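Peer 1: Model the following, please.
(2 chains)
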Amino acid sequence: MRPINTFILSIIAASFLCVTNAQAADIVNVYSARKEALIKPLLDEFSATTSIKVNLITGKADALLKRLQVEGSASPADVFITVDAGRLHRAKQAGVLKPVSLALLEQRIPQALRDSAGYWYGLTLRARPIIYAKQRVQLNELSTYEELASKTWAGRICLRSSQAIYNQSLVAATMDSIGAEATLNWMQGMVNNLAKPPSGGDVDQLKAVAAGVCDATIANTYYLGRLINSSKPAEQAVASNLAVFWPNQSGEGGQGRGAHFNVSGAGMTKYGKHPEQAKALLEYLASDAAQRWYADINNEYPVVAGVGISETLKGFGRYKMDPINLEILGQNNRQAVQLMDRAGWR
Amino acid sequence: MFKRHGLSAFAVVIAAFLSLPVIVIVSYVFQADGALWQHLFETVLNDYLINSLLLLLGVGTGVLVLGVPTAWLTSMCSFPGRRWLSWALLLPLAVPAYIIAYTYTGLLDFAGPVQIWIRELTGLGYGDYWFFEIRSLGGAIVMMSLVLYPYVYLMARAAFLEQSVSSIEVGCSLGYSRWRAMWSLALPMARPAIIAGLSLALMETLADYGTVQYFGVSTFTTGIFRTFYGYGDTAAAAQLAASLLAFVILLVLLERYSRRRARYHSAAESRARADLIPLTGSGAIMAVVACLMPLMFGFIIPAIQLLLWAVFEAEPLGWDFVGLAWNSFSLAFIAAIIAVSLAIILSYAKRTKPIKPVRTVIAMAGFGYALPGTIIAIGVLIPLAWADHGLIALFEGFGWDSPGLLLSGSLVALLFAYTVRFLAVALGSVQSGLEKIKPSLDYAGRSMGYTPLAILRKIHVPLMRSSVLTAILIVFVDVLKELPATLILRPFNFNTMAVRAYELASDERLVDAAPASIMIVLVGLIPVLMLHASIVRRRPH
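Peer 2: All right, here's what the predicted structure looks like:
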């Protein structure tokens, strides 16, 4: 038993070292709901240029948020990175973020894509348009998100579950534009038009459209971008059957509001112990180089105007974006989920 | 006085400590948000309940059908391949439920190779032919049954092996046929073990989130996460979790009531080789097929698919996988040792003094298994962070630097969470082992002047060696596969293989998640094989 005891003790000792490590001087501690693969390379680059060491924990947004809340004033985190404006808003409401006015970011990031008081800043744009099967859909069948509830689409739609925050935010934005009652009707219509009950992720919906299970879905474009650029022939084949349609581009009032966009973003934590380093990190994430990286590696649109986008993104065509202030997504989220429950969107 | 009550008091303290996270969660019951409950009740709660019950019923049937006959065959009958099948049947234990779900979906859904092949062969389009919809309640039942049956198999097999042969022989001498003896004697005698395995499988089913979420089945657990993530409402989520717990407690009480005063002791004699029922001809073929099926579908097919993805399609693992594997392995190992040691202390305290407070607290300590890992993690985080704030205040009171989050920000939190979550697993196995030892042995030990601790060490532990090893094995593999608590509680820059697999899978790169998944399976295999060898070493072959 003795070697085992030593072993156990050394592991436990090591676990304490992990803590003290997070307290050293020139570092910044990050809680990120962006996956490691989609943030670590940038953080490494940041460390290389500034020699500020970055400590990282990734996880699910709401769980990390809860951790921040529970840790309170003792939390080691300096920066909270997450996807979806709804989540960023929730973090602000939970009182774990700190308002900071960063001149550089205010100048580079459009006002609608950041919190008005500086609690959070949007760092990448994610579009959620309609994606359809080229062969089976006539272009005149497509016009708006609302149109997907009409009879012509009976049995032809795939949707991801309402559990996905991307769908919740889409609904939250729609509510703002056409009202809760019309949004409920729209969702009920779409649910009636489903070819199969919601399951799987965005990529699964794209595959279903390509395989002929249904003719159209609503999905984030970077998933399509990834399939297009995939080295796997099967995924390229899926992508070759699909095309992007930007809905709600013209018309009166809500009808012409533009396609739904969301952000991934970051904010500084209320009790962060390394505010200077945290600022440097946020500024780096909005730099041209970082913005380009998002576009090239994950096919997300940059928030900073004038940063070049990849050929794949150019291939999706020009669009008009719903100019909604993203704070509203967060404010409407709870009601949106309740409406989805009522519409029977699983 | 302390000497007589010391163990009980110690056990109560430990158990109370381990119940803390569950108590934290249950205490949310008092912050009810009536409006949200009203809404849930009107819209989705009904679906959640029905689906969860159907899932339980399905998986319960599935694990019994797969687990008990195979355990009986491999421990009581002799047929070709019995020896290797008896350990190979454990292999699906190493496959996490969400991973087998991803794998079969990749194989069997409309965009998978099987259906594409059917379409190419027949020229039919999607919807022109019938095919099993893997992403469904039925699919979830099959997936979970395939990876959870080893709990029943392990426990039932250990029970069959430890059964005293004399009772079976008495049965036979009284005119029972071998099969009749199985139905009327061996199975009822193994019942506590089978029930222990079954309840583990069912609790795991209730706590599962990954599989049902991916398959789009709305269960009680997806409901918990919907209220947590969708509504951002921890209190309501905790209340749902507490209702889940109430349901589990009800089941446990029902089972206990149905057993009432029955006791299951046996003289621990080992059985001689001649007792195996020889199977030949069609009987032997059927036995081999019955044992091969769960192995085939629960392990071989998914493992081959994962391997193919890992080798031909996925982005290769970097060198950091060594670190990941080490993190996973060491965490799982330490957690297993801690959980099983505590389980032994608790079960033993209960045996020496089966008074109500001891029994109640121990039962409470085991309920962590029925709660989803995320919920447990929150239950762990809250008291540990509270303790940390106390420590920081203390340090600052002395004028020292703040030590940071010593408990909640370190591996202590993770190990605590694992112990809370998986104590039930260890308790189940250890208790069923302990129950089979006649109390007369304790009396004999005590009459010879042994202290309770000496009796435990010199009499009980050797007698229930295989139960203890089984407990270590299951906790190890469970921790290895554990994801949600690890995700929330891990310290900075600390990843495990399950975390890596999850990150890729949740980024919808299932194929790229294959190398990490296969590593989980492989690391899980090591103790399965080692411990199995050790369990059977003393058994006749």
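
Peer 1: Stretch B:24-31 vs chain A: in contact?
Peer 2: No. Using CB under 8 Å from any CB of the partner chain, stretch B:24-31 never reaches chain A; the gap is at least 10.5 Å. For every residue, glycine as well, the C-beta is placed using N, CA and C.

Peer 1: can I get the CA coordinates of that stretch in CSV?
Peer 2: The C-alpha trace of stretch B:24-31 is given here as CSV (Å, rounded to 0.1, in the frame of the first residue of the first chain):
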residue,chain,number,x,y,z
VAL,B,24,-27.5,22.0,-0.8
ILE,B,25,-29.5,21.0,-3.9
VAL,B,26,-32.6,19.9,-1.9
SER,B,27,-32.5,23.1,0.1
TYR,B,28,-33.4,25.0,-3.1
VAL,B,29,-36.9,23.6,-2.7
PHE,B,30,-37.7,26.5,-0.5
GLN,B,31,-37.1,29.1,-3.1
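
Peer 1: contacts for it?
Peer 2: Here stretch B:24-31 makes contact (CB atoms under 8 Å, 6 or more residues apart in numbering or on different chains) with B:234-235, B:238-239, B:241-242, B:245, B:371, B:375-376, B:378-379, B:382-383.

Peer 1: Pick out the most distant pair among those residues.
Peer 2: B:239 and B:383 (18.7 Å; CB to CB).

Peer 1: more crowded one of the two?
Peer 2: Applying other CB atoms under 10 Å in any protein chain shown to residue B:239 and residue B:383 shows that residue B:239 carries more neighbours, namely 24 against 18.

Peer 1: Assign a three-state SS to the more buried one, would you?
Peer 2: Assigned with DSSP: H, G, I helix; E, B strand; the rest coil, residue B:239 falls in the helix class.

Peer 1: Run a quick check on residue B:294 versus residue B:147, I expect a contact.
Peer 2: No. In terms of CB atoms under 8 Å, residue B:294 does not count as a neighbour of residue B:147; the distance is 9.8 Å.

Peer 1: can you narrow the contacts of stretch B:24-31 to ones near chain A?
Peer 2: B:234, B:378, B:382.

Peer 1: how far away is the first one from residue B:241?
Peer 2: Spelled out, that is residue B:234. From residue B:234 across to residue B:241, the span is 10 Å (CB to CB, to the nearest Å).

Peer 1: Which one's more surrounded, the two?
Peer 2: residue B:241 (29 against 21).

Peer 1: Which residue comes closest to that one once chain neighbours are left out?
Peer 2: residue B:375 (4.6 Å; CB to CB, 6 or more residues apart in numbering or on different chains).

Peer 1: Quick one: the strands in chain A, in order.
Peer 2: In chain A, the segments counted as strands under DSSP state E are A:27-32, A:53-58, A:79-83, A:121-127, A:130-133, A:157-158, A:216-218, A:242-245, A:261-268, A:301-302.

Peer 1: wait, which of those strands is closest to residue B:75?
Peer 2: Nearest to residue B:75, of the strands of chain A and by CB to CB, is strand A:53-58 at 44.7 Å.

Peer 1: now the helix or strand hosting residue B:294, how far from the chain's geometric center?
Peer 2: Here residue B:294 sits within helix B:281-295, counting by DSSP states H and E. Relative to the chain's own centre, helix B:281-295 is displaced by 26 Å; criterion: CA atoms, centre = their mean, to the nearest Å.

Peer 1: what does that helix contact?
Peer 2: Contacts for helix B:281-295 (CB under 8 Å, 6+ apart): B:66, B:69-70, B:73-74, B:77, B:79-82, B:85, B:88-89, B:91-92, B:146, B:149, B:279.

Peer 1: In helices, which of those residues fall?
Peer 2: B:66, B:69-70, B:73-74, B:82, B:85, B:88, B:146, B:149 (DSSP state H).

Peer 1: quick check, nearest of those to residue A:290?
Peer 2: Taking the ones in helices among the contacts of helix B:281-295 together and measuring to residue A:290 by CB to CB, the closest member is residue B:146, at 44.3 Å.
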